[in-house]
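Student: Here is my input, please return the structure:
(chains A and B)
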Amino acid sequence: MSETTQETTTVSPVGIKARHKRFLWIIFGLAFFAAIVALVLNAFGSSITYFYSPTQVVQDEAPHGRAFRIGGMVEGGSVVRDGSGLTVRFNVTDTAETVAVVYTGILPDLFAEEKGVVAQGKLDEYGVFQATQVLAKHDENYVAPEVQAALDEAHKARAAQTLEQ
Amino acid sequence: MIPEIGQFALVLALLLVMVQGTLPLIGASKGISAWMALSRRTAQGAFFFLSLALGCLIYSFIVNDFSVLNVANNSNTKLPVIYRIAASWGSHEGSIMMWVFMLGMWSCAVSIFSKHLPEEMVARVLGVMGCVSMGLLLFLLLTSNPFDRLFPVPLEGRDLNPLLQDPGMILHPPMLYMGYVGFSVAFAFAVAALLGGRLDATWARWSRPWTTLAWCFLTIGILIGSWWAYYELGWGGWWFWDPVENASLMPWLVGTALMHSLAVTEKRGTFKVWTVLLAICTFSLSLLGTFLVRSGILTSVHAFAVDPQRGMFILALLALVIGGSLALFAFRAPKVGTGGTFKIISRESALLANNVLLAVACGTVLLGTLYPLFLDALKLGKISVGPPYFEAVFVPLMAPLVFLMGVGAVARWKEATLPDLWARLRWAAAITLVAAVALPFILGRTSPTSVALLALGFAMAFWIITASLAGLFDRVKYVEGSFREKLARQPRSFWGMFAAHIGVAVFIIGVTVVKGFEIERDVRMTPGDTVAISNYTFRFESMGERTGPNFHASRGTFELSKNGKPVRKLYPEKRMYFAHGMPMTEAAIDSGIFGDRYVSLGEPINDGKDSWSVRVYHKPFVTWIWYGCILMTLGGLLAISDRRYRVSARRETAKPSLPPLEPAKLEKA
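Tutor: Next comes the predicted model:
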């Protein structure tokens, strides 16, 4: 695209010299690049969701008032459906700690007690996780890597504790 | 016995592509014509053996040969035959088998349809494709052998994942892979051009139909994937910005840029270096897509197989292909030269700007897809980048792209002037403006954000349509004859562009309307209950049961009525597959030209009254999303069928084609 700038003596219809035109191109390119970077950073800032394990949530490492993801196993016997609507309560555990989750809506096909789950939402003032989305997994043997990592972490922590005692 | 024949055929294919990937390349650089001549025969031979291997694999699936691990893991005696065939490429091993088979098919096609190409070029193109085949075949044989035996032999297989037991899934992988792998031809042409130092309009003319064809397959592949997700995942979304979807979108974006850049290279002899770079990037992204999907590093629908060792192999292959071709590019590209000149306001500029926008859009998608993986690899925390990111970045990039699409289609090559452009496009601009301002209000929207989004969407769609029509009008203005003759005298490549661009507009209308007007209600329903959305009413009549070949289903009966008049019954199902013990939602959709009515069952609620949680959706114009993609594909196919590709096939040395009936030239004449 810079071919047009090679004839240094020509003057474009607007009256700008080729050298200046090249300069303008560079400015334009940089402005475009800056706009893209701004766009990306802005979008990143508002839409990245962090993942926390129940232990991290209980230890207050997770943010308040900002959406994040929580993952672990659905605690056995903890799933309760309310009387009339579609609200469900259940506990998510990494075997060390447990967080209560409330969700209104239809759960994915493979949601089940004693199975892995990932939920997205916010913590309310009572420390209950208000989920806006409960994520599906697609194979009954598949455990999301985040969930597996959270379980392993809790397992290690417990092993270390037993050693100390 | 049959699996062993398949295995043996794979090894023979490997030996043949080893010859195909070495001797012709050496022959081309040293001028040994006997070695160059090997390329066609070896490519055809390899394709024969790959077909044989795939045939053996499909046979093993059909006859339920559970002594083959792959069959035992992905099939079942109760699985219908058609899905047993589809299961052949449903697994990781099978899909790589499919990939290699398709690469063989494309190589074979090149060897047949390249009679008019110089021998040296054919040798180089097939040589490069042979090298890629070699890598993938080694990967197949060493890490993911589809014919591995299992002992003791189980009596029953584990069955195909129920999500994949669907007509869409029979077609989606082959189409997508045809697209991915088809870009290897463009890649091979680019590398061959760099090796041989021959990069001119003729070269671009040779690679164009191949690239467009691959692009058509990829478009259809993505379309089927999206459609499948829409009705099979049971919650009515058509695009999730899931990493695996992104993996197929990235080669599509860059492939689209490549197709247009090739057009400029052919017609104007410029953009050469850029075109070569795009060809390399497109295929690299196709490989990256395969890597992302098949390495198991992604949490997604497709991450069935998790095996880091395979990931390492593909990563190494990826580094070799991308690194090698980019290094070659760095050494040889300066010799290629830049070609013709053009002014800032010209068709070239519009195309270049859109190329850059497409590449940047691809870059942002790549960033959003890979950033979480990098952070995780560096132990900086686990994050996910959701749809808001992609939407926030994508839409601002697409708006100027669409604007320039309209301008580019009517602007003259080399130099255009603003007053002239304005004269050609003012009616298009006026209609667009009126439509964008009026339509949201006519459709009854008042909230500022909703109006703004609708206006933007309609503006983009109407701009493409009206500017395309302005372009058509420009072209027929100077043609003599009746209106029909005028239209008939336009070349098919023009109609291809026209159809594909209108397809984009149709797609945008679909997205805009479905985003703006869709109604999604998750409700609890007991038989007898009704739910009304817009002028439709869904009445939950009863729950029944149904047993399929390999599943048992709870089946709901819903009556759909419009303005109080019954339209039809809908039967959504909740299936339980025997082998997997896995529940599956089967949505029931009343589909029409102007949109879908969608019901899917959530879960039973134990209140003793047969209550269920139910999703009831109204999705106006959602079908236009698919229609748009189909139009784009038809456009691509029309462009390939253009006369000049067949004419040039008969000519020994093709000359750069004259732009057919360019208005600018006619005016001067």
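Student: alpha carbons only for contacts and neighbour counts from here, please
Tutor: Noted.
Student: can you pull the contacts of B:Leu634?
Tutor: Under the criterion of Cα atoms under 8 Å, 6 or more residues apart in numbering or on different chains, the contact list for B:Leu634 reads B:Cys216, B:Gly496, B:Ala499, B:Ala500.
Student: Name all residues that make contact with the first one.
Tutor: Contact criterion Cα under 8 Å, 6+ apart gives B:Gly179, B:Met632, B:Thr633, B:Leu634, B:Gly636, B:Leu637 as the residues in contact with B:Cys216.
Student: could I get those residues as CSV with distance to A:Val74 and secondary structure?
Tutor: Listed next are these as CSV, based on distance: Cα to Cα, whole Å; DSSP: H, G, I helix; E, B strand; the rest coil:
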residue, distance to A:Val74, secondary structure
B:Gly179, 41, helix
B:Met632, 45, helix
B:Thr633, 45, helix
B:Leu634, 48, helix
B:Gly636, 49, helix
B:Leu637, 51, helix
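Student: List just the nearest of those residues to chain A.
Tutor: Closest approach between the contacts of B:Cys216 and chain A, by Cα to the nearest Cα: B:Gly179, at 25.3 Å.
Student: so what pLDDT did residue 15 get?
Tutor: Reading this off chain A. Here, the pLDDT recorded for A:Gly15 equals 50.
Student: The intended chain is chain B.
Tutor: 97.
Student: List the buried residues of the helix or strand where it lies.
Tutor: Assigned by DSSP states H and E, B:Leu15 belongs to helix B:2-20. Within helix B:2-20, the residues that count as buried by 16 or more other Cα atoms under 10 Å in any protein chain shown are B:3, B:5-7, B:9-20.
Student: what's the answer for stretch B:236-252, then?
Tutor: Buried residues in stretch B:236-252, counted by 16+ other Cα under 10 Å: B:236, B:238, B:241-252.
Student: Could you point out which of those residues is nearest to B:Val523?
Tutor: B:Gly236 (15.0 Å; Cα to Cα).
Student: what helix or strand is B:Ala461 on?
Tutor: helix B:448-477.
Student: For the most centrally placed residue in chain B, which residues are in contact?
Tutor: Among the residues of chain B, the one closest to the centroid is B:Leu218, at 2.7 Å (Cα atoms, centre = their mean). The neighbours of B:Leu218, taking Cα under 8 Å, 6+ apart as the test, are B:Met175, B:Leu176, B:Tyr177, B:Met178, B:Gly179, B:Tyr180, B:Ser248, B:Trp252.
Student: Three-state assignment for residue 66, please.
Tutor: In the absence of a named chain, chain A is used. coil (DSSP: H, G, I helix; E, B strand; the rest coil).
Student: Sorry, I should have been clearer: chain B.
Tutor: coil.
Student: That one: how many residues sit nearby?
Tutor: Applying other Cα atoms under 10 Å in any protein chain shown, we find 26 residues neighbouring B:Phe66.
Student: Would you mind confirming that it makes contact with B:Ala72?
Tutor: Yes - in this structure, B:Phe66 is within contact of B:Ala72 by Cα atoms under 8 Å, at 4.5 Å.
Student: Mutual contacts of the two, please.
Tutor: B:Pro154, B:Glu156, B:Gly157.
Student: From chain A, how far off is the first one?
Tutor: It stands for B:Pro154. 19 Å (Cα to the nearest Cα, to the nearest Å).
Student: which residues touch the nearest residue to that residue once chain neighbours are set aside?
Tutor: Of all residues not flanking B:Pro154 in the chain, B:Phe66 sits nearest, at 6.2 Å (Cα to Cα, 6 or more residues apart in numbering or on different chains). B:Phe66 makes contact with B:Ala72, B:Leu150, B:Val153, B:Pro154, B:Leu155, B:Glu156, B:Gly157, according to Cα under 8 Å, 6+ apart.
Student: Identify the residue spatially nearest to the fifth one, adjacent ones excluded.
Tutor: With Cα to Cα, 6+ apart as the measure, B:Phe66 is the residue that lies nearest to B:Leu155, at 7.2 Å, once sequence neighbours are left out.
Student: circling back: can you tell me the SS state at the residue nearest to the centre of chain B?
Tutor: Quick answer, by three-state DSSP: B:Leu218 is helix.
Student: where along chain A do the helices fall?
Tutor: A:18-47, A:54-58, A:145-164 (DSSP state H).
Student: In JSON lines: these, plus mean pLDDT, mean neighbour count and distance to B:Glu120.
Tutor: Formatted as JSON lines, the helices of chain A follow (pLDDT from 0 to 100; neighbours: other Cα atoms under 10 Å in any protein chain shown; distance: least, Cα to Cα, whole Å):
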{"stretch": "helix A:18-47", "mean pLDDT": "83", "mean neighbour count": "14", "distance to B:Glu120": "40"}
{"stretch": "helix A:54-58", "mean pLDDT": "91", "mean neighbour count": "19", "distance to B:Glu120": "63"}
{"stretch": "helix A:145-164", "mean pLDDT": "73", "mean neighbour count": "15", "distance to B:Glu120": "49"}
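Student: nearest to chain B, of those helices?
Tutor: helix A:18-47 (4.9 Å).
Student: just how off-centre is the closest one within its chain?
Tutor: Mean C-alpha position of helix A:18-47 versus that of the full chain (Cα atoms, centre = their mean, to the nearest Å) differs by 27 Å.
Student: tell me the contacts of B:Phe517?
Tutor: B:Lys619, B:Pro620.
Student: tell me which element B:Val407 is part of?
Tutor: Counting by DSSP H and E, B:Val407 is part of helix B:387-410.
Student: For the next helix or strand after that helix, which residues meet the burial criterion?
Tutor: Sequence-wise, the next helix or strand downstream of helix B:387-410 (DSSP H and E) is helix B:418-442. Under the neighbour-count criterion of 16+ other Cα under 10 Å, helix B:418-442 has B:Leu421, B:Arg424, B:Leu425, B:Ala428, B:Ala429, B:Thr432, B:Leu433, B:Ala435, B:Ala436, B:Val437, B:Leu439, B:Pro440 buried.
Student: and the fifth one, how far is that from B:Arg644?
Tutor: Relative to B:Arg644, B:Ala429 is positioned 33 Å away (Cα to Cα, to the nearest Å).
Student: how does chain A divide into domains?
Tutor: A:2-47, A:51-164 (automatic domain parsing).
Student: Closest residue of chain A to chain B?
Tutor: A:Tyr50 (4.2 Å).
Student: That residue contacts B:Leu380, doesn't it?
Tutor: No - checked against Cα under 8 Å, the pair A:Tyr50 and B:Leu380 is beyond contact range at 10.7 Å.
Student: Those two: which is more packed in?
Tutor: Each of A:Tyr50 and B:Leu380 has its neighbours counted (other Cα under 10 Å); A:Tyr50 has more, 19 against 10.
Student: any idea what sits nearest the more buried one, other than its immediate chain neighbours?
Tutor: Nearest residue to A:Tyr50 in three dimensions, chain neighbours excluded: B:Ile383, at 4.2 Å (Cα to Cα, 6+ apart).
Student: In the stretch 151-300 of chain B, mark out all the helices, start to finish.
Tutor: Counting by DSSP state H, counting those that start in this stretch, the stretch 151-300 of chain B has helices at residues B:167-196, B:201-232, B:243-268, B:272-294.
Student: Distance check, B:Lys272 against B:Asn354.
Tutor: 16 Å.
Student: returning to what we had before: would TSV of the contacts of B:Leu634 with pLDDT and secondary structure be doable?
Tutor: Listed next are these as TSV, based on pLDDT from 0 to 100; DSSP: H, G, I helix; E, B strand; the rest coil:
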residue	pLDDT	secondary structure
B:Cys216	97	helix
B:Gly496	95	helix
B:Ala499	96	helix
B:Ala500	97	helix
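Student: Find me the pLDDT at residue 8, would you?
Tutor: Assuming you mean chain A. 42.
Student: Switch to chain B, please.
Tutor: On the pLDDT scale, B:Phe8 gets 95.
Student: For it, give me its contacts.
Tutor: B:Phe8 neighbours (Cα under 8 Å, 6+ apart): none.
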